[in-house]
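Visitor: my questions concern the predicted model and sequence given below.
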Amino acid sequence: MTLDPRALLRQLYDVAVASALPGRVLAARLPPPPARGRTLVLGAGKAGGAMAQALEAAWPADAPLSGLVITRYGHVPHGWRPRRLEVVEAAHPVPDAAGLAASERLLALTRGLTADDLVICLISGGGSALMSLPAAGLTLADKQAVNRALLASGASITEMNCVRKHLSAIKGGRLAAACAPARVLTLTISDVPGDDPAIIASGPTVADATTCADALAICRRYRIELPPAALAGLTSGAFETPKPGDPRLEGHSLVMLSTPQMSLEAAADAARAQGLAAHILSDEIEGESRVVGGVHAALARAVARRGEPFARPCVILSGGETTVTVQPDRPAGKGGRATEFLLGCAIALQGEPGVFGLAADTDGIDGVGPHAGALLTPTSLARARALGLNPQGLLDAHDSARFFEPLGDLLVPGPTFTNVNDFRALLIV
């Protein structure tokens with residue numbers, strides 16, 4: 001078999017992303033316009049701009065349509081100018097004033113809705129930061145401080161979003177409650193392990209089974225310093241969210257448009273079309289990025305050396321959301337979950353012959369840098385050391401992008417306009 005490992009891995013990433021693009025999956029899941037009422041579109045997320053574009057294109061030209069969607073800066077599809085919907089750009093992963101102002105306007109649009117009206121909510125990963133409306137007594141600066149602390153703490157996305165929704169005036173089911181008595185349809189693209197809609201973007205349209213006590217326990221576990229108003233609201237239960245069975249959420253429906261598993265299956269099919277065996281480990285892998293990288297390396301090494309548990313040549317795929325825990329007394333370097341995973345994998349592999357890898361975020365941005373992730377080859381460590389780089393030192397400093405950048409192995413696709421979280425592929429030939 002003749003193949004270009006780097007080109008093949010990039011192809012699998014591109015296929016995984018393409019399978020989750022809103023333009024491919026949204027139109028078929030739209031309901032007909034309401035017979036008497038109006039249709040209001042509300043939403044937030046990294047895929048928000050592309051979802052709004054797909055909805056506008058598919059919605060009947062003679063049917064009323066209006067609304068507001070918030071997306072990340074630079075994540076509005078190139079060359080598209082909304083005609084009936086408004087799309088606002090804001091900051092991610094730490095919220096900013098633009099997101100706050102847009103969220104205030106978005107919530108205000110729910111006033112005056114009737115039972116004849118239809119609300120279509122477009123929700124994707126990143127919505128927690130983009131749709132930022134602090135709970136009573138909290139400021140934007142309070143939310144920013146808590147968000148930064150959570151991002152550096154090593155907390156899982158489930159834990160982070162539990163805290164975020166309880167400190168919000170719009171997430172954790174509150175947006176859906178504000179839409180009552182209108183009918184609400186949520187169209188969502190999952191970026192979380194397990195595809196729990198209550199976690200995606202902190203579930204603005206989904207009843208929340210977690211409690212203020214849960215959020216408080218998470219903050220204590222990770223030593224998150226809470227502003228006085230936040231501590232008081234969680235301790236008293238004043239910040240409690242709408243729960244399952246809340247009558248304001250009755251009759252609402254949700255459709256999962258794309259998931260990490262769907263994208264992994266698309267990549268697996270593409271690998272098999274090239275004559276390779278493809279194995280999906282899981283779409284729900286969590287944990288410290290460098291540790292998960294080491295575990296993947298051990299599996300790849302077993303395949304390369306002993307043909308166990310899979311025969312080579314093959315591709316091993318996985319997804320989910322790993323974490324990077326930053327030490328409070330040490331500033332973080334330049335990198336993200338994907339490059340830290342891959343550098344941990346590289347160090348564990350020590351140049352194992354025949355093992356290649358790619359790790360990247362499907363939204364096109366690995367954390368806050370311009371790269372989505374990187375590529376790994378059997379020569380990566382040797383090439384880096386020849387340039388005077390210290391792989392372990394860069395890993396310890398959370399500076400993984402500076403390992404791959406001088407090698408020319410960073411993956412920089414730009415915003416992809418979707419988000420089904422981490423994509424990892426190991427090729428063993």
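Guide: Thanks, I have it.
Visitor: how about the strands in the stretch 201-350 of the chain?
Guide: For the stretch 201-350 of the chain, applying DSSP state E, counting those that start in this stretch gives strands covering 253-258, 277-280, 314-320.
Visitor: hey, which of the ones you listed is tucked in deepest?
Guide: strand 314-320 (a mean of 23; mean count of other CB atoms under 10 Å). (C-beta placed from N, C-alpha, C; glycine too.)
Visitor: gap between it and the chain center?
Guide: Its chain's average C-alpha position is 18 Å from that of strand 314-320, according to CA atoms, centre = their mean, to the nearest Å.
Visitor: check which helices and strands it sits against.
Guide: If contacts are counted by 3 or more CB pairs under 8 Å, 6 or more residues apart in numbering; DSSP states H and E, strand 314-320 sits against helix 260-273, strand 277-280, helix 289-306, strand 422-428.
Visitor: can you put these in a markdown table and add mean pLDDT?
Guide: Output for the helices and strands packed on strand 314-320, formatted as a markdown table (pLDDT from 0 to 100):
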| stretch | mean pLDDT |
| --- | --- |
| helix 260-273 | 98 |
| strand 277-280 | 98 |
| helix 289-306 | 98 |
| strand 422-428 | 97 |
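Visitor: want to throw these into CSV with distance to residue 54?
Guide: Converted to CSV, the helices and strands packed on strand 314-320 look like this (distance: least, CB to CB, whole Å):
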stretch, distance to residue 54
helix 260-273, 16
strand 277-280, 27
helix 289-306, 32
strand 422-428, 21
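Visitor: out of the ones you listed, deepest packed?
Guide: Among the helices and strands packed on strand 314-320, the stretch with the highest mean neighbour count (mean count of other CB under 10 Å) is strand 422-428, at a mean of 27.
Visitor: format the CA atom coordinates belonging to that strand as CSV.
Guide: The C-alpha coordinates for strand 422-428 follow below in CSV (Å, rounded to 0.1, in the frame of the first residue of the first chain):
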residue,chain,number,x,y,z
ASP,A,422,-11.4,17.1,19.8
PHE,A,423,-10.4,14.9,16.9
ARG,A,424,-7.5,12.5,17.2
ALA,A,425,-6.1,10.0,14.7
LEU,A,426,-3.1,7.7,15.0
LEU,A,427,-1.9,6.0,11.8
ILE,A,428,0.3,2.9,12.3
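Visitor: could you give the angle of that strand to strand 314-320?
Guide: Counting by axes from the mean of the first three to the mean of the last three CA atoms, to 10 degrees, strand 422-428 points 160 degrees away from the direction of strand 314-320.
Visitor: chain center to strand 422-428: distance?
Guide: The chain centroid and the centroid of strand 422-428 are separated by 18 Å under CA atoms, centre = their mean.
Visitor: who are the packing partners of that strand?
Guide: Under the contact criterion of 3+ CB pairs under 8 Å, 6+ apart, strand 422-428 touches helix 5-18, helix 260-273, helix 289-306, strand 314-320, helix 337-349, strand 355-361.
Visitor: what about 7 Å?
Guide: Contact here means 3 or more CB pairs under 7 Å, 6 or more residues apart in numbering; DSSP states H and E; on that basis strand 422-428 packs against helix 5-18, helix 289-306, strand 314-320, helix 337-349, strand 355-361.
Visitor: what lines up beside it in the sheet?
Guide: In the sheet, strand 422-428 lines up against strand 314-320 (antiparallel), strand 355-361 (antiparallel) (DSSP bridges).
Visitor: hey, where'd the helices end up in the stretch 51-200 of the chain?
Guide: Across the stretch 51-200 of the chain, reading from the start of the chain, the helices by DSSP state H, counting those that start in this stretch fall at 97-108, 127-130, 140-153, 157-166, 174-179.
Visitor: returning to that earlier point: let's have the helices and strands packed on strand 422-428 in CSV, adding distance to residue 157.
Guide: Shown next, in CSV, are the helices and strands packed on strand 422-428 (distance: least, CB to CB, whole Å):
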stretch, distance to residue 157
helix 5-18, 19
helix 289-306, 13
strand 314-320, 9
helix 337-349, 11
strand 355-361, 13
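Visitor: wait, residue 317 sits on residue 283?
Guide: No: contact status for residue 317 versus residue 283: not in contact, 8.9 Å apart, counting by CB atoms under 7 Å.
Visitor: any shared contact partners between those two?
Guide: Counting by CB atoms under 7 Å, 6 or more residues apart in numbering, the contacts common to residue 317 and residue 283 are residue 264.
Visitor: if I look at the nearest residue to residue 126 once chain neighbours are set aside, how far off is residue 362?
Guide: Leaving aside its chain neighbours, residue 126 sits nearest to residue 46 (3.9 Å; criterion: CB to CB, 6 or more residues apart in numbering). Distance of residue 46 to residue 362, computed by CB to CB, to the nearest Å: 9 Å.
Visitor: can you check residue 345 too?
Guide: Separation of residue 345 from residue 362 (CB to CB) stands at 18 Å.
Visitor: which one of those two is surrounded by more residues?
Guide: The residue with the greater number of neighbours, taking residue 345 and residue 362 and applying other CB atoms under 10 Å, is residue 362; the counts read 30 against 27.
Visitor: contacting residues for the more buried one?
Guide: 16-17, 20, 263, 416, 418-421, 423.
Visitor: try residue 85
Guide: 41, 52, 56, 65-67, 69.
Visitor: can you lay out those as a markdown table showing neighbour count, pLDDT and distance to residue 369?
Guide: Conversion of the contacts of residue 85 to a markdown table gives the following (neighbours: other CB atoms under 10 Å; pLDDT from 0 to 100; distance: CB to CB, whole Å):
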| residue | neighbour count | pLDDT | distance to residue 369 |
| --- | --- | --- | --- |
| 41 | 24 | 98 | 31 |
| 52 | 28 | 98 | 26 |
| 56 | 18 | 97 | 31 |
| 65 | 19 | 97 | 36 |
| 66 | 12 | 98 | 36 |
| 67 | 24 | 98 | 32 |
| 69 | 32 | 98 | 25 |
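Visitor: so which of these belong to strands?
Guide: Judged by DSSP state E, strands contain the following of these: 41, 66-67, 69.
Visitor: thought residue 109 was touching residue 68?
Guide: Yes: the pair residue 109 / residue 68 is scored as a contact, 6.2 Å apart, by CB under 7 Å.
Visitor: more crowded one of the two?
Guide: With neighbours defined as other CB under 10 Å, residue 109 and residue 68 compare such that residue 68 has more, 22 against 18.
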